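Chemist: Pasted the sequence and its predicted model underneath.
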Amino acid sequence: MKLCCVPVPTHAVFALTCVFVISASAQQGEVESGTRRKVKRLLSFQRYCHASRLLRGLVPHTPGSLHLLDDDYLGQAAHMLSKVGTWNFDIFLFDRLTNGNSLVTLMCHLFNVCGLIHHFQLDMVKLHRFLGMVQEDYHSQNPYHNAVHAADVTQAMYCYLKEPKLAEQLSPLDVFLGLMAAAAHDVDHPGVNQPFLIKTRHHLASLYQNTSVLESHHWRSTVGMLRESGLLSHLPADISQDMEQQLGSLILATDISRQNEFLLTFREHLDNQDLDLQLASHRHFMLQIALKCADICNPCRVWELSRQWSERVCEEFYRQGDLERKFDLEISPLCNQQADSVPAIQIGFISYIVEPLFEEWHRFTEPSLLSQTMMGHLHKNKARWSCLRCAHTPSDVQAHSHADEPNPKGGGGEGENIP
Ligand SMILES: *[C@@H]1O[C@H](CO)[C@@H](O)[C@H](O)[C@H]1NC(C)=O
């Protein structure tokens, strides 16, 4: 993979992230309808594939296949679960040990240890059915937005829910919603971002009027699966409706174009010291923040895990860029493999998105052991990407590269530079 000859990214790329997302709808030109059809077919959503697989009599891969595994593998997976609350938990290894069932296995375990099955009197068969559907609806062919990312975010969320500052105040409902939202927050992600869906006139873009298109779809898909599985059907209608609404509010908070809105509110609360976690509304806000942190926590993990996520997310961007090239569309920012290197993308992402949020989270936890660990990794990983960028920059380019020089490629942010 070539990482060289890349200009240093400037503030512009990431500062304009939100502007780009908001203005994207206004800028996109007509796309020839034949192209549109081809792109749509390429992105045909997983649920339809399942339907046709079922029609063809093919049995989808289900968590039931777990019993085929070697006892030794299951033993190792069970051993890993005994340390599920540790920050260096290796979700890639866990996914291999569970034969690709990391999300279902992790969620069942967490629901048990958090006492949620007992508290909400959940039917284990329905729970398993629901989680199996969620896991299946993630696209395993996406390098990044797949069920392992969902499991990773869920594991991070669990760590955050255990933060002393939060844990004592949270109700079982809070914990239930936090874990559910984490597990389902990217379900049926097509592996391309919102601007792409808008410019190719994807049906989801018109359905959700070009606003939080992906997040709305993740949420509505989750609600569909909740109802189909009947997981909450034993609860009074007003309670289960409230749960669905709160899940929506949590999943929609992961829309990166709303990053500043949340960051500013969070900072204001910390400055005024007016967070009152006895209030359900304040706890809900902190669940939104915790989920946002979990969603973008990759750079706060130990280097070996962090690096794998970085390469995966960039691979997904590059694939979108390749699709755009193939269909003569403008290549989106950060999606051009020839111009946007992994280290450059990561340094921009860390500097303008991850650091500002985690600095406030660090402050909120006062700071906890975990947040000190995360900040340590964050700074080390950023330094490491800087080294890699320099090492791969030819000397003639390097001589002219300074972070505060204007970006020769011009501005333009990108909506989904965030996992
Ligand atoms: C969404 O964006 C497309 C493409 O720019 C535009 O034609 C359409 O009118 C927009 N829809 C809404 C509801 O804004």
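Modeler: Great, that's in hand. In this text the structure is predicted, and so the values were computed from the model without any measurement.

Chemist: Quick one: low-confidence residue ranges for the protein.
Modeler: 1-70, 393-419 (pLDDT under 70).

Chemist: Would you mind giving the domain segments of it?
Modeler: For the chain, the domain assignment from automatic domain parsing gives the residue ranges 1-68, 69-295, 303-417.

Chemist: now those domains as JSON lines including distance to the ligand?
Modeler: C-betas here are computed from N, CA, C, even on glycine. Converted to JSON lines, the domains of the chain look like this (distance: least, Cβ to the nearest ligand atom, whole Å):
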{"stretch": "domain 1-68", "distance to the ligand": "4"}
{"stretch": "domain 69-295", "distance to the ligand": "4"}
{"stretch": "domain 303-417", "distance to the ligand": "13"}
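
Chemist: Output those as JSON lines; include the columns mean neighbour count.
Modeler: JSON lines is the format used below for the domains of the chain (neighbours: other Cβ atoms under 10 Å):
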{"stretch": "domain 1-68", "mean neighbour count": "14"}
{"stretch": "domain 69-295", "mean neighbour count": "19"}
{"stretch": "domain 303-417", "mean neighbour count": "18"}
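
Chemist: For residue 212, give me its contacts.
Modeler: The neighbourhood of residue 212, defined by Cβ atoms under 8 Å, 6 or more residues apart in numbering, consists of 194, 252, 255, 257, 258.

Chemist: TSV please, covering those and showing distance to residue 121 and secondary structure.
Modeler: Conversion of the contacts of residue 212 to TSV gives the following (distance: Cβ to Cβ, whole Å; DSSP: H, G, I helix; E, B strand; the rest coil):
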residue	distance to residue 121	secondary structure
194	38	helix
252	28	helix
255	33	coil
257	39	helix
258	35	helix
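
Chemist: Show me which of those is closest to residue 226.
Modeler: Comparing the contacts of residue 212 against residue 226 with Cβ to Cβ picks out residue 252 as the nearest, at 16.2 Å.

Chemist: I'd assumed residue 219 was in contact with the closest one.
Modeler: Yes. Taking contacts as Cβ atoms under 8 Å, residue 252 lies within contact range of residue 219: 6.5 Å.

Chemist: so residue 177 is in which element?
Modeler: helix 172-184 (DSSP states H and E).

Chemist: before we move on, what about residue 266?
Modeler: When secondary structure is defined using DSSP H and E, the element that contains residue 266 is helix 259-272.

Chemist: State the helix or strand in which residue 373 lies.
Modeler: Under the criterion DSSP H and E, the helix or strand holding residue 373 is helix 369-392.

Chemist: same check, this time on residue 93
Modeler: Here residue 93 sits within helix 91-97, counting by DSSP H and E.

Chemist: same deal with residue 275?
Modeler: Per DSSP H and E: nothing holds residue 275, as it lies in no helix or strand.

Chemist: pretty sure it contacts residue 282?
Modeler: Yes. With the criterion set as Cβ under 8 Å, residue 275 and residue 282 qualify as a contacting pair; they are 5.5 Å apart.

Chemist: Which parts of the stretch 151-300 of the chain are helices?
Modeler: Counting by DSSP state H, counting those that start in this stretch, the stretch 151-300 of the chain has helices at residues 164-167, 172-184, 194-199, 203-207, 213-229, 237-252, 259-272, 280-295.

Chemist: how about the ones you listed, which one is nearest residue 102?
Modeler: With Cβ to Cβ as the measure, helix 172-184 is the member of these nearest residue 102 (10.6 Å).

Chemist: Could you work out the end-to-end span of stretch 287-302 for me?
Modeler: Distance between the boundary residues of stretch 287-302 (Cα to Cα, to the nearest Å) amounts to 24 Å.

Chemist: just stretch 263-282 next, same as before
Modeler: Using Cα to Cα, the gap from the first to the last residue of stretch 263-282 comes to 15 Å.

Chemist: Go ahead and measure how far stretch 99-107 is from the middle of the chain.
Modeler: Its chain's C-alpha centre lies 17 Å from the corresponding centre of stretch 99-107 when counted by Cα atoms, centre = their mean, to the nearest Å.

Chemist: So what touches stretch 181-188?
Modeler: Residues outside stretch 181-188 that contact it (Cβ under 8 Å, 6+ apart) are 45-47, 103, 107, 131, 134, 137-139, 145, 149-151, 153-154, 156-157, 214-215, 217-219, 221-222, 225, 247, 250-251, 254, 287, 291, 294-295.

Chemist: Next, the contact list for residue 331, please.
Modeler: Going by Cβ under 8 Å, 6+ apart, the list of residues near residue 331 reads 321, 324, 325.

Chemist: ditto for residue 113
Modeler: Taking Cβ under 8 Å, 6+ apart as the criterion, residue 113 is in contact with residue 84.

Chemist: Residue 174 too?
Modeler: If you count contacts by Cβ under 8 Å, 6+ apart, residue 174 has them with 161, 283, 284, 287.

Chemist: Between all of the residues you listed, which two are separated the most?
Modeler: By the measure Cβ to Cβ, these have their two most distant members at 161 and 284, which lie 13.3 Å apart.

Chemist: could the helices of the stretch 151-300 of the chain go into TSV alongside distance to residue 371?
Modeler: Listed next are the helices of the stretch 151-300 of the chain as TSV, based on distance: least, Cβ to Cβ, whole Å:
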stretch	distance to residue 371
helix 164-167	10
helix 172-184	17
helix 194-199	30
helix 203-207	36
helix 213-229	26
helix 237-252	21
helix 259-272	13
helix 280-295	9
